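A.B. asks: Provided below for reference: sequence and predicted model.
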Amino acid sequence: MYRFLNPKNVVVIGGGVWGKSIVFQLKKINFSGQIFAVHPSEDDFCGCETYRNISDLPRPIDAAFVGVNRIATVDIISQLSKADCGGAVCFASGYSEAVTELEDGHELQEALIEAAGRMPILGPNCYGIINYFDNFCLWPDQHGGQNVDNGVAIITQSSNIMINLTMQKRGLPIGFAVTVGNQAQLGLAELAMNIVEDTRVTALGLYVEGLGSIRNFEKLVSLCERLGKGIVIIKIGKSEHAQLSAVSHTASLAGSDKGASALMKRLGVARVSSLSEFIETLKIFHCHGRLSGSSVASVSCSGGEASLIADLSYGEGVLFPKLTKEQNNNLKNVLGGKVALANPLDYHTYIWGDASKMAKTFISIMRDKNIDIGIIIVDFPRSDLCDPGAWNCVIEAAVLTKETIKKPIALMSTLSENIEESLAKDLMRKNLIPLCGMNEGLAAIVAASTQRTDSDISINPVLLPNNNQSSSLLTEAYSKSLLSEIGIDTPRNIIVQNRDLLDNLPFDFPVVIKVLGLSHKTESRGVRLDIKNTEELKVAFDDMGYSEYLIEEMIGDALIELLVGIINDPAHGFIFTLAAGGTLTEILSDSVSLVMPFTRNEFNEALKDLKIGKVIDGYRGSKAISMEQLIQNIFKLQEFVVRNSGELSELEINPFLVTASRAVAVDALIKM
């Protein structure tokens with residue numbers, strides 16, 4: 001582990017409120033090491049041994065907080081590196097994260113990286129480190145955590161988000177809280193790999209704008225899997241790629257956010273959308289680890305709560321398996337004939353207060369092999385105004401259930417505030433999972449059951465993006481010729497500039513005439529379909545009024561129209577998108593994205609996720625599509641992308657018409 005994460009001594013460089021706050025927070029957290037200060041004029045900086053220069057310090061420093069301006073920071077970092085410092089927090093902002101405001105941002109950041117050399121630095125533009133295991137922090141502000149023996153590690157790019165997370169009152173034990181700022185030198189994945197190897201760390205939470213190195217992130221995921229530690233991520237920020245690319249639908253369908261989701265799904269990393277879901281997922285990982293699935297048995301003493309959890313779970317990936325005959329019999333033996341048996345179960349209040357019977361009820365429904373986690377819905381009275389003693393029976397029954405069935409058991413409140421912090425901590429000591437809030441808890445269960453979609457990461461790594469800054473749009477005719485060369489089925493076609501050539505087409509009617517050079521032909525009236533003879537074709541040629549056309553055979557009897565698109569997402573690799581195609585693309589918003597290269601199994605699962613997927617096997621008596629032809633064409637496309645990944649920017653086929661015997665790329669755009 002990096003020296004600066006658990007140092008024996010630290011130095012604070014920079015005065016003012018922030019530097020003095022560092023010393024205050026070190027003393028408040030009961031840091032047992034030495035604290036030095038470097039200051040140009042003060043002789044006694046907050047009671048620390050104070051020196052004028054870094055070179056005057058009595059011994060090599062393990063960790064430094066650099067709180068001077070952005071220009072001076074570069075020189076200070078250089079001096080610390082030469083003095084064999086273990087690592088530094090760069091507090092100043094105004095580097096590459098501020099290039100729109102400061103022209104020298106990139107240049108200054110490059111100088112900072114060079115000055116650091118082999119010394120690791122956090123930031124710039126970050127608060128730093130809190131190590132609650134060892135009572136250490138380089139943190140210039142308040143924070144809400146406390147010493148723990150084991151707990152989760154959280155890494156964020158945002159310092160203020162980290163402050164908020166340390167202030168949570170949901171019982172989550174935080175061991176490391178580290179901010180990385182703009183990741184000038186030390187990336188999030190590299191830092192995390194050092195931290196998760198600490199045996200006291202139970203799980204990892206990441207709040208990020210940019211992942212940095214995809215390869216290092218893959219290594220981090222593999223390491224956490226080997227160590228049995230779950231990862232949950234909040235990924236924010238939209239890439240410019242999706243906004244800047246106006247050539248096709250693909251960029252808007254598979255922009256950075258969809259790309260991030262596809263990458264996390266591919267790697268089996270839990271992704272959530274809110275800090276509340278983030279905390280609750282980390283609690284599941286801390287208390288139990290990754291869930292084997294999201295099949296739930298839920299019990300409560302209220303029909304309202306049973307109905308609420310069923311409604312909130314609808315369409316969200318939580319499954320409530322129907323009760324088996326054995327479950328029904330066991331429940332009836334405990335509850336009698338007055339209780340309607342179902343999952344979710346309202347067991348009424350007949351047995352309330354009898355912990356033994358309550359446990360038998362919980363065990364009867366949760367023991368089944370198809371159940372991945374048991375949920376006991378319970379909101380505890382507020383301790384300042386009420387007596388919560390009557391609710392102890394629930395906890396006692398939950399403990400007995402956990403001891404008997406050896407499965408994860410969660411006590412879930414409908415409202416997040418109805419499990420107080422002290423109670424949440426006590427439940428965790430009893431090997432129970434306190435989930436604060438029904439919405440958050442259900443989202444956490446789905447996230448914690450995220451599984452990697454296919455093969456080992458090292459065997460099938462993500463296809464890395466290229467960093468090309470410019471690209472050119474190929475004509476539709478040339479795009480189709482490239483696709484045809486690799487075996488993609490395309491319509492027979494001819495480029496026509498002279499009206500006289502219309503009399504001798506090399507293929508039969510009906511045909512389609514398209515204007516060459518238009519991206520969205522339908523909106524510009526640049527395409528005419530189902531032209532049945534030469535006379536109609538000449539009328540269209542004259543009426544459209546352009547100089548160059550692509551005339552091609554009309555593909556009839558299509559059973560389904562698909563959009564197949566690929567973009568080079570700089571943050572997440574090559575993203576493949578499958579969607580409802582043709583004019584329905586924007587109306588249906590029916591799409592799914594995969595990170596390339598993908599396997600046949602991943603592609604088949606993606607097809608099932610589409611709303612129009614019902615058409616694939618035949619719908620209401622219609623023919624089934626030519627599935628094998630579609631798959632062959634898709635994987636030929638993937639081979640093309642792999643071979644041309646250094647130059648390809650974007651590829652879209654829309655529509656990709658699939659008939660009972662063919663899968664034809666009717667319209668194609670390629671940017672290289």
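C.D. replies: Great, that's in hand.

A.B. asks: Please compute how far stretch 469-476 lies from its chain's middle.
C.D. replies: 30 Å (C-alpha atoms, centre = their mean, to the nearest Å).

A.B. asks: what about the helices in the stretch 301-450 of the chain?
C.D. replies: 303-313, 325-335, 355-366, 392-405, 421-429, 438-448 (DSSP state H, counting those that start in this stretch).

A.B. asks: Need the mean per-residue confidence for the fourth one.
C.D. replies: Read that as helix 392-405. For helix 392-405, the mean pLDDT works out to 97.

A.B. asks: how's this structure carved up into domains?
C.D. replies: The chain breaks down by automatic domain parsing into domains covering 3-149, 291-448, 492-553, 560-671.

A.B. asks: just the helices in the stretch 51-200 of the chain please.
C.D. replies: Going by DSSP H, counting those that start in this stretch, the stretch 51-200 of the chain shows helices at 70-82, 105-116, 159-166, 188-196.

A.B. asks: helices or strands up against the shortest one?
C.D. replies: Judged by 3 or more C-beta pairs under 8 Å, 6 or more residues apart in numbering; DSSP states H and E, helix 159-166 is in contact with strand 151-156, strand 174-179, strand 201-208, helix 275-287. In this view, the C-beta of every residue, glycine as well, is placed from N, C-alpha and C.

A.B. asks: of the domains of the chain, which approaches I214 most closely?
C.D. replies: Closest approach to I214 among the domains of the chain (C-beta to C-beta): domain 560-671, 6.0 Å.

A.B. asks: Any idea how far apart the tips of that closest one sit?
C.D. replies: 26 Å (C-alpha to C-alpha, to the nearest Å).

A.B. asks: Repeat that for stretch 45-64.
C.D. replies: Distance between the two ends of stretch 45-64: 15 Å, counting by C-alpha to C-alpha.

A.B. asks: Just give me how far stretch 642-656 sits from the chain centre.
C.D. replies: Per C-alpha atoms, centre = their mean, the centroid offset for stretch 642-656 relative to its chain is 24 Å.

A.B. asks: do the same with stretch 660-667
C.D. replies: The answer for stretch 660-667 is 34 Å, by C-alpha atoms, centre = their mean.

A.B. asks: picking that back up, will you turn the helices of the stretch 301-450 of the chain into CSV that also has mean neighbour count and distance to C85?
C.D. replies: As requested, the helices of the stretch 301-450 of the chain are exported to CSV (neighbours: other C-beta atoms under 10 Å; distance: least, C-beta to C-beta, whole Å):
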stretch, mean neighbour count, distance to C85
helix 303-313, 16, 51
helix 325-335, 16, 62
helix 355-366, 22, 53
helix 392-405, 19, 48
helix 421-429, 16, 37
helix 438-448, 25, 38
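
A.B. asks: And the ones you listed: which comes nearest S294?
C.D. replies: helix 438-448 (5.3 Å).

A.B. asks: Now do the same contact list for the residue nearest to S472 when sequence neighbours are not counted.
C.D. replies: Residue nearest to S472 in three dimensions, not counting chain neighbours: M672, with 6.2 Å by C-beta to C-beta, 6 or more residues apart in numbering. By C-beta atoms under 8 Å, 6 or more residues apart in numbering, the contact list for M672 reads 471-472, 474, 644, 647-649.

A.B. asks: Also T361?
C.D. replies: Taking C-beta under 8 Å, 6+ apart as the criterion, T361 is in contact with 299, 331, 334-335, 345, 347, 351, 397.

A.B. asks: before we move on, what about R600?
C.D. replies: Here R600 is in contact with 631, 635 (C-beta under 8 Å, 6+ apart).

A.B. asks: Could you do L204 as well?
C.D. replies: The contact partners of L204, taken as C-beta under 8 Å, 6+ apart, are 152-155, 192, 195-196, 224, 229-232.

A.B. asks: Looking at those, which is nearest M162?
C.D. replies: Nearest member of those to M162, counting by C-beta to C-beta, is I154, at 6.9 Å.

A.B. asks: Tell me how many other residues crowd the residue nearest to that closest one when sequence neighbours are not counted.
C.D. replies: In this structure, I154 finds its nearest non-sequential neighbour in G205, 4.3 Å apart by C-beta to C-beta, 6+ apart. If you count neighbours by other C-beta atoms under 10 Å, G205 ends up with 29.

A.B. asks: dump the residue contacts of G205.
C.D. replies: Counting by C-beta under 8 Å, 6+ apart, G205 touches 152-155, 231-233, 278, 281-282.

A.B. asks: right, and the domains of the chain - which one's nearest V462?
C.D. replies: Shortest distance between V462 and the domains of the chain, using C-beta to C-beta, is found for domain 560-671: 4.5 Å.

A.B. asks: circling back to that earlier point, is it possible to export the contacts of G205 to JSON lines including pLDDT, neighbour count and distance to E552?
C.D. replies: As requested, the contacts of G205 are exported to JSON lines (pLDDT from 0 to 100; neighbours: other C-beta atoms under 10 Å; distance: C-beta to C-beta, whole Å):
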{"residue": "V152", "pLDDT": "98", "neighbour count": "26", "distance to E552": "58"}
{"residue": "A153", "pLDDT": "98", "neighbour count": "27", "distance to E552": "57"}
{"residue": "I154", "pLDDT": "98", "neighbour count": "28", "distance to E552": "56"}
{"residue": "I155", "pLDDT": "97", "neighbour count": "22", "distance to E552": "53"}
{"residue": "I231", "pLDDT": "97", "neighbour count": "27", "distance to E552": "49"}
{"residue": "V232", "pLDDT": "98", "neighbour count": "28", "distance to E552": "49"}
{"residue": "I233", "pLDDT": "97", "neighbour count": "25", "distance to E552": "45"}
{"residue": "F278", "pLDDT": "98", "neighbour count": "28", "distance to E552": "51"}
{"residue": "T281", "pLDDT": "98", "neighbour count": "32", "distance to E552": "51"}
{"residue": "L282", "pLDDT": "98", "neighbour count": "32", "distance to E552": "55"}
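
A.B. asks: okay, among those residues, which ones form the most distant pair?
C.D. replies: Every pair of these checked by C-beta to C-beta; the farthest is I155 and T281, at 15.1 Å.

A.B. asks: hang on, isn't S276 packed against E440?
C.D. replies: Yes - taking contacts as C-beta atoms under 8 Å, S276 lies within contact range of E440: 4.2 Å.

A.B. asks: Tell me the confidence at A92?
C.D. replies: 91.

A.B. asks: What's the local residue count around it?
C.D. replies: If we define neighbours as other C-beta under 10 Å, then A92 has 23 of them.

A.B. asks: Now do the phi/psi pair for it.
C.D. replies: Note on A92: its backbone torsions stand at phi -60, psi 150 [degrees, to the nearest 10].

A.B. asks: if I pick it, what's in contact with it?
C.D. replies: Counting by C-beta under 8 Å, 6+ apart, A92 has contacts 66-70, 73, 123-125.

A.B. asks: Go again with 10 Å.
C.D. replies: 14, 66-74, 76, 108, 112, 123-126, 181 (C-beta atoms under 10 Å, 6 or more residues apart in numbering).

A.B. asks: re the thing from before, quick one: buried ones out of the contacts of M672?
C.D. replies: 471, 474, 648-649 (16 or more other C-beta atoms under 10 Å).

A.B. asks: K430 and E440, how far apart?
C.D. replies: In this view, K430 and E440 are 21 Å apart by C-beta to C-beta, to the nearest Å.
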